[in-house]
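Peer 1: Curious how this folds, go ahead:
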Amino acid sequence: MKNYQKKIIFLTLFGILLSINSIRSQSAKEIEIYNWFDKSIGKNNLDINNGVLHTNPYSTLDGSTIYFQEDKFEKGTLAFEGQTYYETSLKYDIYRDILVLNPYGSSELIGISLVKDKVESFSLYNRNFIKLNKEQYNLPGFVTGYYEVTENTTDFAFYIKHSKTIQKVVREDGVFYQFKPKSNYLLGYKKSLYTVDSKSEIIKIFPEKKKNINEFYEMNRDLRKSDLNLFMKNLMKYINNSLSIEK
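Peer 2: Residues are numbered from 1 along each chain as shown. Take a look at the predicted model:
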C-alpha cells in the first residue's frame with residue numbers, strides 16, 4: 001500500500017477532515033499533523049524519495065549559478081502526486097527547469113531530480129510556483145514547465161517564467177560558465193494564455209485601458225529599470241484591481 005493511502009486511512013481513523021487542494025489553505029494545525037505523520041512513518045520512506053540523482057556539471061564564475069537565487073536547499077512546500085509535503089528541502093534549477101529534493105536525513109550534497117509529471121506545485125522563498133502543461137493552452141512556443149504565479153484568480157493569473165542564459169568562458173585554468181537570469185511573462189485571462197513581455201502585448205489584451213497602462217509605465221520608470229519582475233507584478237495587480245472595480 002502506498003504511503004499516501006496509509007495517510008488517508010490514518011487521518012480517517014482520527015476523524016480529521018483535511019483538504020490538500022491548495023498550499024495556501026492549510027492551517028498551522030493541519031501542517032503540524034502532516035509533519036507528525038511523515039515523521040511517524042519515516043521520511044525516508046515517503047513517495048517523493050525516488051528519482052534520478054541530480055548533478056551540476058557547470059563550474060561557474062562570479063558567483064553565478066543555475067539555481068533560483070542560491071545553490072542551497074531551502075525549506076519549502078511541495079504538492080506531489082496529489083499529496084502535500086511541508087518543510088521539504090528543495091532547490092530549483094531554473095536553467096534546466098528541474099525541481100531538486102534533498103531526501104530527509106541525507107547530506108546536502110545529495111539531490112534528487114523530481115519527476116516533472118508528478119509535481120503539481122511548490123513554494124520556495126515565499127514564492128509560489130505551479131506546473132503548467134502545454135496541452136492546456138494553444139499558445140505557440142509554450143512549453144510545459146514551472147511558472148511563478150501571482151494574482152491567481154479564476155479569470156486572471158499572472159505567470160513569470162524564470163530561466164537563465166549561459167555563456168561559456170575559456171581560460172588558462174579551465175572552462176567556466178556564467179549564468180544570467182532572464183524572465184518571460186504570461187497572462188492567463190478568461191481561459192486563454194497570452195504573452196505579456198511588452199507594453200504593446202498588454203494593451204492588445206486590454207485596449208480600453210491603454211491610457212491607464214501608459215500612465216503606469218510613466219509613473220514607474222525607475223522600478224521598471226531596477227526590478228522588472230516587481231514592476232510587472234505591480235502592473236498586473238493594478239490591472240486586475242481595475243477590472244474588479246468595474247465588475
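
Peer 1: and F158, what are its bridge partners?
Peer 2: F158 has these beta-bridge partners by DSSP bridges: T150, L187.

Peer 1: and it, how many neighbours does it have?
Peer 2: Neighbours of F158 under the rule other C-beta atoms under 10 Å: 24. (Each C-beta comes from the backbone N, C-alpha and C, glycine too.)

Peer 1: That one reaches N234, doesn't it?
Peer 2: No: using C-beta atoms under 8 Å, F158 makes no contact with N234, being 10.4 Å away.

Peer 1: where along this protein do the helices fall?
Peer 2: 3-13, 28-41, 199-205, 210-219, 221-226, 228-246 (DSSP state H).

Peer 1: Check what pLDDT the nearest residue to V175 once chain neighbours are set aside gets.
Peer 2: Excluding its sequence neighbours, the residue lying closest to V175 (C-beta to C-beta, 6 or more residues apart in numbering) is K168, at 6.7 Å. Looking at K168, its pLDDT stands at 94.

Peer 1: what sits against K168?
Peer 2: With contacts defined as C-beta atoms under 8 Å, 6 or more residues apart in numbering, K168 is in contact with 175-177.

Peer 1: Can you add pLDDT and give those residues back as CSV?
Peer 2: Below are those laid out as CSV (pLDDT from 0 to 100):
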residue, pLDDT
V175, 93
F176, 95
Y177, 95
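
Peer 1: What subset of those is buried?
Peer 2: Among these, those scoring as buried are 176-177 (criterion: 16 or more other C-beta atoms under 10 Å).

Peer 1: now, which of the contacts of K168 sits nearest S59?
Peer 2: F176 (5.1 Å; C-beta to C-beta).

Peer 1: do you know how far that closest one is from D62?
Peer 2: 9 Å (C-beta to C-beta, to the nearest Å).

Peer 1: ok, back up a step: what bridges to the residue nearest to V175?
Peer 2: With DSSP bridges as the rule, K168 is bridged to Y177.

Peer 1: wait, doesn't I66 sit right on D93?
Peer 2: Yes: counting by C-beta under 8 Å, a contact exists between I66 and D93, whose distance comes to 5.3 Å.

Peer 1: which stretches of the protein have low pLDDT?
Peer 2: For the chain, the stretches with pLDDT under 70 are 1-47, 50, 247.

Peer 1: got the domain boundaries for it?
Peer 2: Following the assignment in automatic domain parsing, the chain carries domains at 3-196, 198-247.

Peer 1: Contacts only, for the residue nearest to Y137 when sequence neighbours are not counted.
Peer 2: Spatial nearest neighbour of Y137, excluding adjacent residues (C-beta to C-beta, 6+ apart): L193 at 4.0 Å. Counting by C-beta under 8 Å, 6+ apart, L193 makes contact with 136-137, 139, 142, 186-187.

Peer 1: Might one say that L78 is in contact with L90?
Peer 2: Yes: with contact defined as C-beta under 8 Å, L78 counts as touching L90 (6.5 Å).

Peer 1: which residues are in contact with both of those two?
Peer 2: Common neighbours of L78 and L90 are listed as 99, 101, 122 (criterion: C-beta under 8 Å, 6+ apart).

Peer 1: Quickly list what the first one is bridged to.
Peer 2: What that stands for is L99. Going by DSSP bridges, L99 forms beta bridges with Y92.

Peer 1: Spit out the contact partners of it.
Peer 2: Here L99 is in contact with 78, 90, 92-93, 113-114, 116, 119, 122, 146 (C-beta under 8 Å, 6+ apart).

Peer 1: Separate out the buried members of those residues.
Peer 2: Buried among the contacts of L99 (16+ other C-beta under 10 Å): 78, 90, 92-93, 113-114, 119, 122, 146.
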